[in-house]
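1. Take this sequence and fold it.
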Amino acid sequence: MAAGAALVDVVAVRAGRRAAAWRRQELAAALATRPVDDTWMLTGAALAAVIGLWLLVVALTPGLRHLLPMRSPAKQRAQLDRDGAAVLLRDAALRVPGVRTARIRVRRHRILARTDVHFRDLRQVKADLTAVLDDERDRLALSHPPRIVVRVRQRTP
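-> All right, here's what the predicted structure looks like:
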């Protein structure tokens, strides 16, 4: 909260306004009178360094973004790996007649299915593929089901 207030004040000064009274008087006086090797100054600097290092580690770690949360009737938490969901959806897409190859990409809000059609009408394959992928997505029981985008193209060998 204090860092936000200081940032707002710095932006106001850069915009041509005067600095806030707390920054002109109390903070400036405290920083001007304390020596650099003061215990409170060293403690504040060490705390700022630890917080900065922690924020850097958090920014560089991958986290759980590769997992999709599933809904559960009990109060348990279940998650599904995005790559695993893509494999299940790809297998379902390959069972549709006329689909030769399928590439599935699962994101948080969207599932992108790109398929090459060997025979059959593109509109029929797209309709069948959309229905099959909708059913398979519903079987995954995701808490926030992503929307499905299907792209089909005629591919001649």
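
2. secondary structure element for the spatially most central residue of the chain?
-> What sits nearest the mean C-alpha location of the chain, by C-alpha atoms, centre = their mean, is Arg65, with 5.5 Å. Using DSSP states H and E, Arg65 falls within no helix or strand.

3. Could you find the closest non-adjacent residue to it?
-> With sequence-adjacent residues excluded and distances taken as C-beta to C-beta, 6 or more residues apart in numbering, Arg65 is closest to Arg108, at 7.5 Å. All C-beta atoms are positioned from the backbone trio N, CA, C, and that covers glycine.

4. distance of that neighbour from Asp81?
-> 13 Å (C-beta to C-beta, to the nearest Å).

5. Between the two, which contacts overlap?
-> Each of Leu68 lies in contact with both Arg108 and Asp81 under the rule C-beta atoms under 8 Å, 6 or more residues apart in numbering.

6. Please state the backbone phi and psi of the nearest residue to Phe119 once chain neighbours are set aside?
-> Excluding its sequence neighbours, the residue lying closest to Phe119 (C-beta to C-beta, 6+ apart) is Gly98, at 5.4 Å. Main-chain torsions, Gly98, degrees, to the nearest 10: phi 100, psi -20.

7. returning to what we had before: just confirm the residue nearest to Arg65 is within a strand.
-> No: Arg108 sits outside any strand when classified using DSSP: H, G, I helix; E, B strand; the rest coil, being coil.

8. for it, what are its contacts?
-> Arg108 neighbours (C-beta under 8 Å, 6+ apart): 65, 68, 144, 146.

9. Need the contact partners of the top helix by length along the chain.
-> Secondary structure of the chain read by DSSP state H shows that its longest helix is helix 39-60. For helix 39-60, the external contacting residues (C-beta under 8 Å, 6+ apart) are 34-35.

10. As TSV, the contacts of Arg108 with distance to Leu89, secondary structure and pLDDT would be great.
-> Below are the contacts of Arg108 laid out as TSV (distance: C-beta to C-beta, whole Å; DSSP: H, G, I helix; E, B strand; the rest coil; pLDDT from 0 to 100):
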residue	distance to Leu89	secondary structure	pLDDT
Arg65	19	coil	81
Leu68	12	strand	88
His144	16	coil	90
Pro146	10	coil	94
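
11. Cheers, nothing more for now.
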